[in-house]
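Q: have a look at this fold, sequence not included:
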Ligand SMILES: CC(C)(COP(=O)(O)OP(=O)(O)OC[C@H]1O[C@@H](n2cnc3c(N)ncnc32)[C@H](O)[C@@H]1OP(=O)(O)O)[C@@H](O)C(=O)NCCC(=O)NCCS
């Protein structure tokens, strides 16, 4: 997974917008905000993170307002997506109901999550105490409905996690994972990334059944 932490708010939102409607720009973002309950929590997560990065004098009120908005957008979408979660550009959520993400999980760029997906912590209770692990999803990962990805599960770039899988361990890049317990049952020939946001250096252009979206203005791995 590439480091996308230095991308600006506008570049991340532009990439999210491409994932939802195939285009970026102010018009599409406004239309998605007005009419798409699944885009709104992704947008307000970005807003909270942008507010948290403001100078101290502005941070308090900006973060409070954006956290209130984020609470509302999550409730309207029926999901828990904490604003602290590290999420790469181009997150696409489908249906969304029942999605639960831990705030310490890490999600790469161009990730696709269906309804009922859990990306959560797992505690190992040892004689020395509780040891908690959090999952990492690489760039271009696709996660089907009701899959559970917990603990030290690191999902390699461009992998596919089938519906109802339970994954607790790392899987390599381009793995096709199914079942409970989740097992690698094959290799992904072509990653499944509907409307991929083109990111400089990611190589994420091959998609199943869809053309890559147009380049997002100024979208690159550099700081925004
Ligand atoms: C994981 C997935 C992407 C694999 O797709 P695929 O590569 O086309 O795989 P196939 O359908 O050819 O199935 C291959 C084998 O895996 C099994 N399999 C497929 N998906 C499975 C899953 N989620 N869990 C367990 N086994 C699964 C099939 O039964 C088949 O087994 P067999 O070889 O013994 O007959 C797909 O099955 C999946 O889970 N998609 C989710 C789609 C969905 O939920 N859509 C609704 C959205 S609202």
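A: Received the coordinates, thanks. Note that the coordinates shown come from a computational prediction; the quantities given were computed from them, not determined experimentally.
Q: where do the helices sit along the chain?
A: 9-21, 26-35, 39-52, 56-77 (DSSP state H).
Q: and the closest residue to residue 174 other than its chain neighbours, what does it touch?
A: Nearest non-adjacent residue to residue 174, counting by CB to CB, 6 or more residues apart in numbering: residue 188, 4.2 Å away. Bear in mind the C-beta positions are built from the backbone N, C-alpha and C, glycine included. Listed by CB atoms under 8 Å, 6 or more residues apart in numbering, the contact partners of residue 188 are 158, 159, 160, 174, 175, 176.
Q: mind checking which of these are in strands?
A: 160, 175, 176 (DSSP state E).
Q: so what's the first one bridging to?
A: Per DSSP bridges, residues listed as beta-bridge partners of residue 160: residue 142, residue 176.
Q: ok, it to the ligand distance?
A: Distance, residue 160 to the ligand, using CB to the nearest ligand atom, to the nearest Å: 5 Å.
Q: tell me the one of the contacts of residue 188 nearest residue 193?
A: residue 158 (7.9 Å; CB to CB).
Q: pLDDT value on the closest one, please?
A: We have a pLDDT of 97 for residue 158.
Q: what number of residues lie near it?
A: 24 (other CB atoms under 10 Å).
Q: same deal with residue 26?
A: 10.
Q: show me what counts as buried in stretch 18-32.
A: Within stretch 18-32, the residues that count as buried by 16 or more other CB atoms under 10 Å are 18, 19, 20, 21, 22, 23, 24, 28, 29, 31, 32.
Q: no, scratch that, I was asking about stretch 31-43
A: So, applying 16+ other CB under 10 Å, buried residues of stretch 31-43: 31, 32, 38, 39, 40, 41, 42, 43.
Q: now the residue nearest the centre of the chain: closest residue in space that isn't a chain neighbour?
A: For the chain, the residue sitting closest to the mean C-alpha position, by CA atoms, centre = their mean, is residue 91 at 4.2 Å. Leaving aside its chain neighbours, residue 91 sits nearest to residue 42 (5.2 Å; criterion: CB to CB, 6+ apart).
Q: repeat for residue 39
A: residue 32 (4.1 Å).
Q: can you pull the contacts of that neighbour?
A: 17, 20, 21, 39, 40, 43.
Q: can you redo those residues as TSV with pLDDT and distance to residue 164?
A: Below are those laid out as TSV (pLDDT from 0 to 100; distance: CB to CB, whole Å):
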residue	pLDDT	distance to residue 164
17	97	30
20	97	25
21	96	29
39	98	26
40	98	27
43	98	29
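Q: so which bits of this protein are right by the ligand?
A: 95, 114, 144, 145, 160, 162, 163, 164, 176, 178, 179 (CB under 6 Å from any ligand atom).
Q: switch to 8 Å and redo it
A: Taking CB under 8 Å from any ligand atom, the part of the chain that reaches the ligand is made up of 94-95, 114-115, 142, 144-145, 160-165, 176-179, 185-186, 192.
Q: which one in the protein is furthest away from the centre?
A: In the chain, by CA atoms, centre = their mean, residue 127 is the one farthest from centre (34.6 Å).
Q: quick check, pLDDT for it.
A: So, for residue 127, pLDDT stands at 94.
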